[in-house]
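1. no FASTA, just this:
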């Protein structure tokens, strides 16, 4: 999956990375358990400071979208049940987004259509395939 | 001296060919090192600059070669040729840089990037340390080292007290040295050092920064992966060829290959073949090289 950041955007870079990872998880582009690149690799590919990527990963971790482990790195995680804290925060952000559209005189039916269209792009949880045999193992055990 | 002239002429032709091909080797969105939007890749200004660049290249080549000939007639020939190669490379680089500046000025004046956002892309695919390693080639390289070591250990007790270490162009030994572990195993040591260095380079290749073209992200990411693997394979192929050459040198020093009367050039043959193979692999993995139909392949001209 490809991530893109707009360097001239008003949205902070860490927020852009976080948002794209969340959408990619929801749409099935990033399956449950799939590994994200290291902060250094992603920072190097983007040409940005690795602290920025670290901040995005920390945010994703705090929100429960990824799990960080020393052994397995950063892996995608889809929690089954939203907790009350998440629901409250999400409702507040949704309210702000809906308010923006409402102020611009967007009809409620159109707002709902947009919501349904966005929901239709998401898919139920997928699970990452077990890692393929690597290196010497692949050389000897695959045909 | 004739051999020296041939080698120098080859260097001149090689440098000229590289600079001549350079505009075709770069991405359509980075002509002459200037980043431009894909929508402007076929601008007439770029085609004109390519044409003028090559005209300037030929003019500069004629002038530099004339200067070298004049310099060679007045002073030392070998010195003139050696500096001539360097002067030619510098002059060609100046021509390339001139085109770079001219195109940069055109881009700025025409505002090709006006109204666009600067976007950077990266893949979430995890690159392992061994991403560019070709295991079969690595096994062959290590196998050659082990074979050299095993043969050396087996032959060492029976080696003569004086070892032939240097040979002239006709394969006649012209230097000897006292038998010691260092003098007998020097090809093995060089094998280990060079294979380790090239292997390290392959590991670094796997960690290379990706530079994805945002206007063709999927194709660009695929090409980068392909190029990384090809580069890694090419480096290990060179390592295998170097190890083979050093094994042949070791066999010669240990007296298992004929010492006199056989030209030493054949010893360099594996390295030469490896270098050619490396270049062919890189050319074939270049995005401009497209497969067409059943087995045909050609360079796509960038107009």
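-> Nice, thanks for sending it over. Note that the structure is predicted; figures quoted are calculated from it, not measured. Residues are numbered from 1 along each chain as shown, chains lettered A, B, ... in the order given.
2. need the residues of the stretch 51-200 of chain B near chain A, please.
-> For the stretch 51-200 of chain B, the residues in contact with chain A (Cβ under 8 Å from any Cβ of the partner chain) are B:117-128, B:130, B:133, B:135-136, B:139. For the C-beta atoms, the positions are set from N, CA and C on the backbone; glycine is no exception.
3. helices or strands up against the longest helix seen in chain A?
-> Longest helix in chain A by number of residues (criterion: DSSP state H): helix A:84-103. In this structure, helix A:84-103 makes packing contacts with helix A:108-120, judged by 3 or more Cβ pairs under 8 Å, 6 or more residues apart in numbering or on different chains; DSSP states H and E.
4. coming back round to it: can you select the buried ones from the residues of the stretch 51-200 of chain B next to chain A in PyMOL?
-> Taking 16 or more other Cβ atoms under 10 Å in any protein chain shown as the burial criterion, the selection of buried members of those in PyMOL is written as:
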select buried, chain B and resi 120+121+122+123+124+125+126+127+130+133+135
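5. what does the longest helix of chain A contact?
-> Outside of helix A:84-103, the residues within contact range by Cβ atoms under 8 Å, 6 or more residues apart in numbering or on different chains are A:63-64, A:82, A:108, A:111, A:114.
6. all helices for the stretch 101-250 of chain B, in order.
-> With DSSP state H, counting those that start in this stretch applied, the stretch 101-250 of chain B shows helices at B:135-155, B:181-206, B:217-253, listed in chain order.
7. and among these, the most buried is which?
-> helix B:217-253 (a mean of 21; mean count of other Cβ atoms under 10 Å in any protein chain shown).
8. ok and that helix relative to helix B:181-206, angle-wise?
-> 170 degrees (axes from the mean of the first three to the mean of the last three Cα atoms, to 10 degrees).
9. still on that earlier bit, closest to residue A:73 out of the helices of the stretch 101-250 of chain B?
-> With respect to residue A:73, and counting by Cβ to Cβ, the nearest of those is helix B:181-206 at 16.3 Å.
10. show me the shaky parts of chain A.
-> Chain A contains residues with pLDDT under 70 at A:80, A:126-143.
11. identify the residues contacting the helix or strand residue B:272 falls within?
-> Remark: residue B:272 resides in helix B:269-285, with elements defined by DSSP states H and E. The set of residues that contact helix B:269-285 without belonging to it, under Cβ under 8 Å, 6+ apart, is B:223, B:226-227, B:230-231, B:233-235, B:237-238, B:240-242, B:244-245, B:248, B:289, B:297.
12. pick out the most distant pair among the contacts of helix A:84-103.
-> Farthest-apart pair in those is A:64 and A:108; separation 31.0 Å (Cβ to Cβ).
13. more neighbours: which of these two?
-> Set side by side, residue A:64 and residue A:108 show more neighbours around residue A:64, with 13 against 10, by other Cβ atoms under 10 Å in any protein chain shown.
14. and that one, what does it touch?
-> Contact partners of residue A:64, counting by Cβ under 8 Å, 6+ apart, are A:77, A:79, A:86.
15. residue A:62 versus the last one, what's the distance?
-> Pointing back at residue A:86 there. 11 Å (Cβ to Cβ, to the nearest Å).
16. who has more neighbours, the two?
-> Neighbours were counted for residue A:86 and for residue A:62 using other Cβ under 10 Å; residue A:86 has more, 13 against 9.
17. all helices of chain A, in order?
-> In chain order, chain A shows helices spanning A:13-26, A:39-46, A:50-62, A:84-103, A:108-120, A:135-141, with DSSP H as the criterion.
18. export these to JSON lines and tack on distance to residue B:51?
-> Conversion of the helices of chain A to JSON lines gives the following (distance: least, Cβ to Cβ, whole Å):
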{"stretch": "helix A:13-26", "distance to residue B:51": "41"}
{"stretch": "helix A:39-46", "distance to residue B:51": "36"}
{"stretch": "helix A:50-62", "distance to residue B:51": "44"}
{"stretch": "helix A:84-103", "distance to residue B:51": "53"}
{"stretch": "helix A:108-120", "distance to residue B:51": "50"}
{"stretch": "helix A:135-141", "distance to residue B:51": "48"}
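19. residues near residue A:58, how many?
-> Other residues near residue A:58 come to 16 when the count uses other Cβ under 10 Å.
20. just give me the neighbour total for residue A:10.
-> There are 5 residues near residue A:10, going by other Cβ under 10 Å.
21. how much space between it and chain B?
-> The span separating residue A:10 from chain B equals 11 Å under the rule Cβ to the nearest Cβ, to the nearest Å.
22. before we move on, what about residue A:109?
-> The span separating residue A:109 from chain B equals 32 Å under the rule Cβ to the nearest Cβ.
23. neighbours of that residue, just the number please.
-> By the criterion of other Cβ under 10 Å, residue A:109 has 8 neighbours.
24. before we move on, what about the one 3 residues further on?
-> Residue A:112: 11 surrounding residues under other Cβ under 10 Å.
25. shaky segments in the stretch 1-150 of chain B?
-> Applying pLDDT under 70 to the predicted model, the residue ranges of the stretch 1-150 of chain B that meet it are B:1-3.
26. mind redoing it with 80?
-> With pLDDT under 80 as the threshold, the stretch 1-150 of chain B has low-confidence stretches at B:1-8, B:77-78, B:115, B:117, B:126-129.
27. now do the stretch 201-303 of chain B
-> Within the stretch 201-303 of chain B, the stretches falling below the threshold (pLDDT under 80) are B:215, B:257-268, B:283-303.
28. can you tell me which residues in it are near chain A?
-> Applying Cβ under 8 Å from any Cβ, we find that the stretch 201-303 of chain B lies next to chain A at B:207, B:209-210, B:212, B:214, B:217-218, B:221.
29. looking at those residues, which one is closest to residue B:106?
-> When those are compared for distance to residue B:106 (Cβ to Cβ), residue B:214 comes out closest, at 21.6 Å.
30. got the contact list for that closest one?
-> A:4, B:119-121.
31. may I see the residues you listed arranged in JSON lines, with distance to residue A:102 as well?
-> Output for the contacts of residue B:214, formatted as JSON lines (distance: Cβ to Cβ, whole Å):
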{"residue": "A:4", "distance to residue A:102": "30"}
{"residue": "B:119", "distance to residue A:102": "31"}
{"residue": "B:120", "distance to residue A:102": "34"}
{"residue": "B:121", "distance to residue A:102": "34"}
